[in-house]
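A.B. asks: I need the structure of the sequence given here:
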Amino acid sequence: MARNTRPRGPAPLLPRGGKRLSQRGMLSILMLMASLGALGIALLSGAWLVFDILGTGLVNSLPTLPAKALVIALAYGVGWITAMVAIRVYGNLVLPFIINYLIWGCLIGVCALYVLILQRLYDQTYDMLRFWAYLIIMTAALGATVGLHLILEDHDLRPLAIPLLVISMIHLGLIVLRYVFTVANSAYLVTDLIFFVAMGSCGYLMLAHIGLLAPLRKQLTNYFDRNSRVIRTED
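C.D. replies: Residues are numbered from 1 along each chain as shown. Sure thing, here's the model as predicted:
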């Protein structure tokens with residue numbers, strides 16, 4: 001059984017002599033700034049791209065969309081890895097609080113995005129290209145939120161499921177209203193149901209907390225337990 005080698009306290013900024021800034025402390029601070037910078041760039045640029053796609057720019061954005069998505073994913077990946085190292089190797093105690101606020105910020109963005117997509121689903125003015133764009137966008141947004149969740153040990157997803165389930169129930173009510181009490185094109189019912197089932201399933205899985213992410217979290221924890229002494233500097 002591997003010994004737990006994760007640091008239990010914050011990385012010291014000064015060595016015992018108190019004469020100079022410790023290397024561990026400097027690296028912890030640098031990784032804090034680098035991770036927040038990369039994650040901030042990724043989240044802000046991702047939000048910009050999403051709102052451009054939700055507007056009239058989907059067709060115009062298609063030629064450059066893969067490149068844009070790639071660089072945003074690269075920035076997110078750099079920020080995610082740097083944050084993991086800062087927290088689990090160098091014991092940064094400030095970053096977990098900031099990441100927790102970023103998670104809630106992402107959730108607010110996901111809920112706002114869900115509401116904007118619901119408006120388009122209710123109006124029935126979209127085509128299949130835009131519908132698949134909506135699904136991919138929501139998947140990416142939820143993936144970014146869950147990715148931040150994995151950075152923190154013992155973080156609970158259940159509180160995040162509540163607003164998603166509330167909006168899903170509103171979606172269900174809009175489906176009933178649209179197809180029972182108004183004149184609607186029944187051809188759109190399938191896409192409405194697909195989106196409702198997808199979002200409702202995500203919310204219920206988060207609320208059930210059945211441990212689908214436990215194997216991945218365990219692998220990450222074991223990896224840093226084994227290698228944290230190798231990665232970090234001791235002074």
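A.B. asks: what sits against residue 206?
C.D. replies: 157-158, 160-161, 164 (Cβ atoms under 8 Å, 6 or more residues apart in numbering). (C-beta placed from N, C-alpha, C; glycine too.)
A.B. asks: one more: residue 102?
C.D. replies: 39, 43, 148.
A.B. asks: repeat the analysis, applying 10 Å as the threshold.
C.D. replies: Contacts of residue 102 were listed using Cβ atoms under 10 Å, 6 or more residues apart in numbering, and they are 36, 39-40, 43, 79, 83, 95, 144-145, 148, 151.
A.B. asks: so how do I select the buried members of those in PyMOL?
C.D. replies: To isolate in PyMOL the members of the contacts of residue 102 that are buried, counting by 16 or more other Cβ atoms under 10 Å, one can use:
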select buried, resi 36+39+43+79+83+95+144+145+148+151
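A.B. asks: what about the contacts of residue 102, which are in strands?
C.D. replies: Judged by DSSP state E, strands contain none of the contacts of residue 102.
A.B. asks: make CSV from the contacts of residue 102 and add pLDDT and distance to residue 173 to it.
C.D. replies: Formatted as CSV, the contacts of residue 102 follow (pLDDT from 0 to 100; distance: Cβ to Cβ, whole Å):
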residue, pLDDT, distance to residue 173
36, 92, 39
39, 94, 35
40, 93, 36
43, 92, 31
79, 94, 38
83, 91, 39
95, 91, 40
144, 92, 28
145, 92, 25
148, 92, 30
151, 87, 35
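A.B. asks: what's the closest of the contacts of residue 102 to residue 215?
C.D. replies: Lowest distance from residue 215 to those (Cβ to Cβ) belongs to residue 151, with 16.6 Å.
A.B. asks: buried set for stretch 43-60?
C.D. replies: 43, 46-47, 49-50, 53-54, 58.
A.B. asks: helices and strands around the lengthiest helix in the chain, which ones?
C.D. replies: The helix spanning the most residues in the chain, taking DSSP state H as the definition, is helix 23-54. Under the contact criterion of 3 or more Cβ pairs under 10 Å, 6 or more residues apart in numbering; DSSP states H and E, helix 23-54 touches helix 58-61, helix 65-88, helix 95-123, helix 128-151.
A.B. asks: enumerate every residue touching residue 216.
C.D. replies: 146, 150.
A.B. asks: out of the helices and strands packed on helix 23-54, which is closest to residue 23?
C.D. replies: Of all these, helix 65-88 comes closest under Cβ to Cβ, at 14.1 Å.
A.B. asks: now the closest one - C-alpha only, PDB.
C.D. replies: C-alpha atoms of helix 65-88 as PDB (Å, rounded to 0.1, in the frame of the first residue of the first chain):
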ATOM      1  CA  LEU A  65     -14.500  26.400 -35.100                       C
ATOM      2  CA  PRO A  66     -12.100  23.400 -34.700                       C
ATOM      3  CA  ALA A  67      -9.100  25.700 -34.200                       C
ATOM      4  CA  LYS A  68     -10.900  27.900 -31.700                       C
ATOM      5  CA  ALA A  69     -12.100  24.800 -29.700                       C
ATOM      6  CA  LEU A  70      -8.600  23.300 -29.800                       C
ATOM      7  CA  VAL A  71      -6.900  26.400 -28.300                       C
ATOM      8  CA  ILE A  72      -9.600  26.900 -25.700                       C
ATOM      9  CA  ALA A  73      -9.200  23.200 -24.700                       C
ATOM     10  CA  LEU A  74      -5.400  23.600 -24.600                       C
ATOM     11  CA  ALA A  75      -5.700  26.600 -22.200                       C
ATOM     12  CA  TYR A  76      -8.200  24.700 -20.000                       C
ATOM     13  CA  GLY A  77      -5.900  21.700 -19.900                       C
ATOM     14  CA  VAL A  78      -2.900  23.800 -19.000                       C
ATOM     15  CA  GLY A  79      -4.800  25.500 -16.200                       C
ATOM     16  CA  TRP A  80      -6.300  22.200 -15.000                       C
ATOM     17  CA  ILE A  81      -2.900  20.400 -14.800                       C
ATOM     18  CA  THR A  82      -1.200  23.400 -13.100                       C
ATOM     19  CA  ALA A  83      -4.000  23.600 -10.500                       C
ATOM     20  CA  MET A  84      -3.700  19.900  -9.700                       C
ATOM     21  CA  VAL A  85       0.000  20.200  -9.200                       C
ATOM     22  CA  ALA A  86      -0.300  23.400  -7.100                       C
ATOM     23  CA  ILE A  87      -2.900  21.800  -4.800                       C
ATOM     24  CA  ARG A  88      -1.900  18.200  -4.600                       C
END
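A.B. asks: all set now, cheers.
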